[in-house]
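Colleague: Structure here, sequence nowhere to be found:
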């Protein structure tokens, strides 16, 4: 009787172990496995979006050829015309003839002081004409008049020359009369008055009157024709 006690105890332990094994096999419990996706420290990056191969319409308007700036209008040259007038001190006369952007002028006091001057006329009507002995005419055409100055033989003369209507204007005659070289210049003013100098072999004297309609003049018994002067 004393020997059967431990034997029952061992047998009871074996039966309990067999019961536990059969219980596990019956429930089919599967141990859980951890994956990287279940780990809280692992983050799955989203897959990049495929590139958009379709060109999007441009938001900026299509390029248009830029219009070139219109050229500045060029000023027309001074019109062809003749001008005649007197100095402000009324001591002398000035005549200017304009043709195709060029000018020729004559300053004359009717006694012994004179000068022929020439040069170009700018698009704005300004002009600087030069003559013998360093004489200079500076003037500007505005409307129907030329306003300016003449510097000659140390004198400075301001003048205004208005547009001339025939027979007003500038005349000249050159010839050889009785062996003498004749060179005459005349300014016919709008009032009909004439101012001029006649040179015989370079010696000045007041010029005789010409016929303003024909330019005819008699010098030392010989008939000459004074003709309009143009550049």
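Modeller: All right, it came through fine. These numbers were taken from a predicted model, which means no experiment stands behind them.
Colleague: Only C-alpha atoms from now on, for both contacts and neighbour counts.
Modeller: Noted.
Colleague: Give me the neighbour count for residue 185.
Modeller: 26 (other CA atoms under 10 Å).
Colleague: ok, now which ones touch it?
Modeller: When contacts are counted by CA atoms under 8 Å, 6 or more residues apart in numbering, residue 185 touches 106, 170-173, 196-198, 207.
Colleague: how about a cut-off of 10 Å?
Modeller: By CA atoms under 10 Å, 6 or more residues apart in numbering, the residues touching residue 185 are 106-108, 110, 114-116, 170-174, 195-199, 206-207, 226-227, 229.
Colleague: ok, residue 174 - how many residues close by?
Modeller: Residue 174 has 16 nearby residues by other CA under 10 Å.
Colleague: After the helix or strand bottoming out on mean pLDDT in the chain, which helix or strand is next?
Modeller: The helix or strand of the chain with the poorest confidence is helix 4-27; it has a mean of 61 (mean pLDDT, DSSP states H and E). Downstream of helix 4-27, the next assigned helix or strand under DSSP states H and E is strand 81-87.
Colleague: Give me the packing partners of that next one, helices and strands only.
Modeller: In terms of contacts (3 or more CA pairs under 10 Å, 6 or more residues apart in numbering; DSSP states H and E), strand 81-87 is packed against strand 93-99, strand 102-108, strand 145-152, strand 155-163, strand 169-177, strand 180-188.
Colleague: got the angle for the third one vs strand 102-108?
Modeller: What that stands for is strand 145-152. Angle of strand 145-152 versus strand 102-108, following axes from the mean of the first three to the mean of the last three CA atoms, to 10 degrees, is 60 degrees.
Colleague: from here on, count from 633
Modeller: Let's use 633 as the start, then, which means that last one is strand 777-784.
Colleague: And for strand 777-784, what's in contact with it?
Modeller: The contact list for strand 777-784, computed with CA under 10 Å, 6+ apart, reads 714-717, 719-720, 726-728, 739, 745-747, 749, 757-773, 788-796.
Colleague: Please repeat the previous calculation with a cut-off of 7 Å.
Modeller: Here strand 777-784 makes contact (CA atoms under 7 Å, 6 or more residues apart in numbering) with 767-773, 788-795.
Colleague: Contacts for stretch 752-759 next, please.
Modeller: 707-710, 733-735, 770-774.
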